[in-house]
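Colleague: Could you work out the structure for the sequence below:
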Amino acid sequence: MNIRYIDASEKAKETLEVVRKTYFPLLENAVIKILFDTKRRVKGNRMVLGSIRKANDLIRRLTDTLAEEGCDYILFLDQIVFENISDKDKIRLVRHELRHCKVVGTPEKPKYKLIPHDIEDFVIEIELNKDDIDWAKKASETASLIYEQLEESKKENDNL
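Modeller: Down below sits the predicted model:
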């Protein structure tokens, strides 16, 4: 059986906490579940490195072991990508996804929302990544090569 989503590694959880503390103090109390996506996802003609979703009532119920009211967001990271990029790129990836999060309301009663990109990316992320503006493209290319190797290996094993 191929399981599509698995719990993310400790490294992913540590990266989330570093990014949250450094860049997103308003998300300090948000409960964020991180999952690795074990299958390649493509949207348009671009590989999806990660995505984030706001939890609905069902997700909150299914994650109520994490917190009394369940999680607020679910962060999906492509496992192959995350495991094969530098620590700096791991931070970039998680930071980009958390940019989609918006906190409204009061600190005592926050409401969590999602927001789209400013442009194809976030203007601030372009500035923060000016030392390596092609990091996401390189991560996609590396992951694509690994996925292709895995597919070839599977075909060879199926032919045995």
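
Colleague: Val103: what secondary structure?
Modeller: Under the three-state scheme (DSSP: H, G, I helix; E, B strand; the rest coil), Val103 adopts strand.

Colleague: Would you enumerate the residues in contact with it?
Modeller: For Val103, the contacting residues are Leu26, Leu27, Ala30, Pro110, Lys111, Tyr112, Lys113, by Cβ atoms under 8 Å, 6 or more residues apart in numbering. From N, CA and C alone the C-beta is placed, and that goes for glycine too.

Colleague: Swap in 10 Å and give it another go.
Modeller: Phe24, Pro25, Leu26, Leu27, Glu28, Asn29, Ala30, Asp72, Pro110, Lys111, Tyr112, Lys113 (Cβ atoms under 10 Å, 6 or more residues apart in numbering).

Colleague: In a markdown table: the residues you listed, plus secondary structure and pLDDT.
Modeller: Listed next are those as a markdown table, based on DSSP: H, G, I helix; E, B strand; the rest coil; pLDDT from 0 to 100:
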| residue | secondary structure | pLDDT |
| --- | --- | --- |
| Phe24 | coil | 96 |
| Pro25 | helix | 93 |
| Leu26 | helix | 92 |
| Leu27 | helix | 94 |
| Glu28 | coil | 91 |
| Asn29 | coil | 90 |
| Ala30 | coil | 93 |
| Asp72 | coil | 93 |
| Pro110 | strand | 88 |
| Lys111 | strand | 91 |
| Tyr112 | strand | 92 |
| Lys113 | strand | 93 |
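
Colleague: Please enumerate the strands of the chain.
Modeller: 5-7, 32-37, 42-43, 46-47, 50-54, 73-78, 101-105, 110-114 (DSSP state E).
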